[in-house]
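Chemist: Give the three-dimensional model of this entry:
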Amino acid sequence: MNGDMASNLPSEGAQIEPLVYHMGFSFHPSIKLDQKSALQFTSTLSEYISPRNISLESDHWTVSGTDDGVELTIGQSILEFAVSKPTHRQEWYEERYHTILSRFGESFEPQVILRSTAMIRGLLQIDGDARDFLASQMLHVDQSDFTSLRRPIHIIGLRLFLPPYRVQQDGPEGKTVSAEDWAVNLKIESWAADPSKIFVESSGTWEKPVKWDEQCVGEVVGRLEVLHEYLNTVLENFVKRSPNTGEE
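Modeler: As a prediction, the model looks like this:
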């Protein structure tokens, strides 16, 4: 780790650059993965995700779009939508995910979404070495403490799991009701491919089963934005907080 002529702090004005978007859910009842159903369903998607490769296995289907980095995976009781190295704004992918879910509902008539997830991976630029920043500013560990390991450090970071908790929100007829929030799993570490950047991963999970309908579909799609807001406000501020003080 080397911080010569650098602050080893987040670069001025740096924001988290997205690497991966991932959304998924499990549903009931499960569906039969026969080839006829697969071809009928995937034929309706060409207008939205430009599929180039379609793999129809006995336990899952995979639809890949090489131009837009989209990959859709369908199992007997799961559906996952992933984007690697996004080239469009987040809203562009959310619109396509919403359309895919709506088409999926029309084709297979699921009744319940059992749980849903959203995940974002990204990078934050450091002026210097991200390993130095994470060790001294996030973990408050002196570099000399690592000498006993007798090897150079390639990746350093931390992982946090924040469980769901009870929150108060508006309910029917203006009443306040208690509801369970979502859980979030966080990774903050130096990026193996470039130690001048911090790799962050924020994964949210919503466990409460909900009835499948158009409102439910909209809520599931909107959870990527919920996670995006968390990543780019709470988590980014946590990483950028004043050095050695913990203060904003």
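Chemist: Would you pull up how far stretch 19-35 lies from the middle of the chain?
Modeler: 16 Å (CA atoms, centre = their mean, to the nearest Å).
Chemist: Now the terminal residues of it, how far apart.
Modeler: By CA to CA, to the nearest Å, the extent of stretch 19-35 from end to end equals 33 Å.
Chemist: Any buried residues in that stretch, and which?
Modeler: For stretch 19-35, the neighbour count (16 or more other CB atoms under 10 Å) marks Leu19, Tyr21, His22, Met23, Gly24, Phe25, Ser26, Phe27, Ile31, Leu33 as buried. For glycine as for every other residue, the C-beta is placed from the backbone atoms N, C-alpha and C.
Chemist: For stretch 68-80, list the C-alpha coordinates in CSV.
Modeler: Taking Å, rounded to 0.1, in the frame of the first residue of the first chain, the C-alpha atoms of stretch 68-80 are listed here in CSV:
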residue,chain,number,x,y,z
ASP,A,68,-27.2,-3.8,-23.8
GLY,A,69,-25.6,-6.2,-21.3
VAL,A,70,-28.9,-7.6,-20.1
GLU,A,71,-29.3,-11.2,-19.0
LEU,A,72,-32.7,-12.7,-18.0
THR,A,73,-32.8,-16.0,-16.1
ILE,A,74,-36.1,-17.9,-15.5
GLY,A,75,-36.3,-21.0,-13.3
GLN,A,76,-39.3,-23.0,-12.1
SER,A,77,-40.0,-20.5,-9.3
ILE,A,78,-37.5,-17.6,-9.8
LEU,A,79,-36.9,-14.8,-12.3
GLU,A,80,-33.7,-12.8,-12.3
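Chemist: and for it, what are the contacting residues?
Modeler: 22-33, 38, 41, 45, 49-51, 59-65, 81-88, 93, 96, 100-101, 104, 114 (CB atoms under 8 Å, 6 or more residues apart in numbering).
Chemist: Three-state assignment for the residue in the chain sticking out farthest from the centre, please.
Modeler: Outermost residue of the chain with respect to the C-alpha centroid, by CA atoms, centre = their mean, is Ser148; its distance is 35.8 Å. Under DSSP: H, G, I helix; E, B strand; the rest coil, the three-state class of Ser148 is helix.
Chemist: Check Met23 too.
Modeler: Here Met23 is strand, with the state taken from three-state DSSP.
Chemist: again with Leu235
Modeler: Per three-state DSSP, Leu235 ends up helix.
Chemist: Look at Glu236 and say how many residues are nearby.
Modeler: Neighbourhood size, Glu236 [other CB atoms under 10 Å]: 18.
Chemist: Wait, it touches Ile16, no?
Modeler: Yes - using CB atoms under 8 Å, Glu236 is in contact with Ile16, at 5.9 Å.
Chemist: Quickly list what's touching both of those two.
Modeler: What both Glu236 and Ile16 touch, as defined by CB under 8 Å, 6+ apart, is the set Leu124.
Chemist: hmm, back to that, between which two of the buried residues of stretch 19-35 is the distance greatest?
Modeler: Leu19 and Ile31 (30.9 Å; CB to CB).
Chemist: moving C-terminal of the helix or strand of the chain with the lowest mean pLDDT, what's the next helix or strand?
Modeler: When the helices and strands of the chain are scored by mean pLDDT, DSSP states H and E, strand 176-180 comes last with a mean of 61. Counting by DSSP states H and E, the element after strand 176-180 in chain order, helix or strand, is strand 183-191.
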